[in-house]
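[1] Model the structure of this input:
(chains A and B)
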Amino acid sequence: AQSVAQPEDQVNVAEGNPLTVKCTYSVSGNPYLFWYVQYPNRGLQFLLKYITGDNLVKGSYGFEAEFNKSQTSFHLKKPSALVSDSALYFCAVRDFGTDKLIFGTGTRLQVFP
Amino acid sequence: GAVVSQHPSWVICKSGTSVKIECRSLDFQATTMFWYRQFPKQSLMLMATSNEGSKATYEQGVEKDKFLINHASLTLSTLTVTSAHPEDSSFYICSARDRERASLGELFFGEGSRLTVL
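    Next comes the predicted model:
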């Protein structure tokens, strides 16, 4: 079965520092991977996706993610964190068998001024 | 583009009443819509998959008679929580898949509906 893991419940980073939110996946075949962000009491907003092509994917709000096939990872990154980036981040993989998105448990990012 | 509107954002109701939540794709046609439930500080729990013109497919453990899902058109799906009880209080989120971009698997989410049952 397809799955994603987000090993960190929370990530704390100082404003201006680079941030990384980790995600690893387990799929059969080529993965379709996604990152979403959720602000309090809001729905999920799409950040970026990897389908094929360049391993480094650029997305919204200055975020990017690197697809690493050998490590089965798709970590979310940003060179310089903003306080406004504080939110809940979800990694997801498409399950072609059921045609659903399988979500990780989420990582809460806290950026301190 | 790819906007999903969910209404109402907040709803408070008395125990035993029914509440309907609407999910609309505003600028695309959604072949499939998904309904999620999210508890505080927890991940999304998929409740059911809704396909236009057919019955919804419910995940294991979700009561289909309690959570009625209707997907009457390519732009509208509704979730009705019947005979609501305090334990049904939660944050409900819908998402939709664009028919034109279905092969990519990407989902577009509504803003969520917070239900409080007194």
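[2] Close to chain A: what parts of chain B are there?
    Contact residues, chain B versus chain A (C-beta under 8 Å from any C-beta of the partner chain): B:4, B:6, B:32, B:34, B:42-44, B:46, B:49, B:91, B:93, B:95, B:104-112, B:114. For every residue, glycine as well, the C-beta is placed using N, CA and C.
[3] State which strand of chain A is the longest.
    In chain A, assigned by DSSP state E, the strand with the most residues is strand A:87-95.
[4] Check whether stretch A:63-72 comes near chain B.
    No: Stretch A:63-72 does not reach chain B (C-beta under 8 Å from any C-beta); its nearest approach is 14.4 Å.
[5] Only the buried residues of that stretch, if you could.
    Residues of stretch A:63-72 classed as buried: A:63-67 (neighbour count, 16 or more other C-beta atoms under 10 Å in any protein chain shown).
[6] so how far does that stretch reach from one end to the other?
    Taking C-alpha to C-alpha, to the nearest Å, the first and last residues of stretch A:63-72 lie 19 Å apart.
[7] how about the residue lying farthest from the centre of chain B, secondary structure?
    Residue distances from the centre of chain B (C-alpha atoms, centre = their mean) peak at B:S103, which lies 21.6 Å from the mean C-alpha position. Per DSSP: H, G, I helix; E, B strand; the rest coil, the local secondary structure of B:S103 is helix.
[8] quick one on the thing from earlier: show me which positions of the helix or strand following the longest strand of chain A end up buried.
    Going down the chain from strand A:87-95, the next helix or strand is strand A:100-103, by DSSP states H and E. Across strand A:100-103, burial judged by 16+ other C-beta under 10 Å covers A:100-103.
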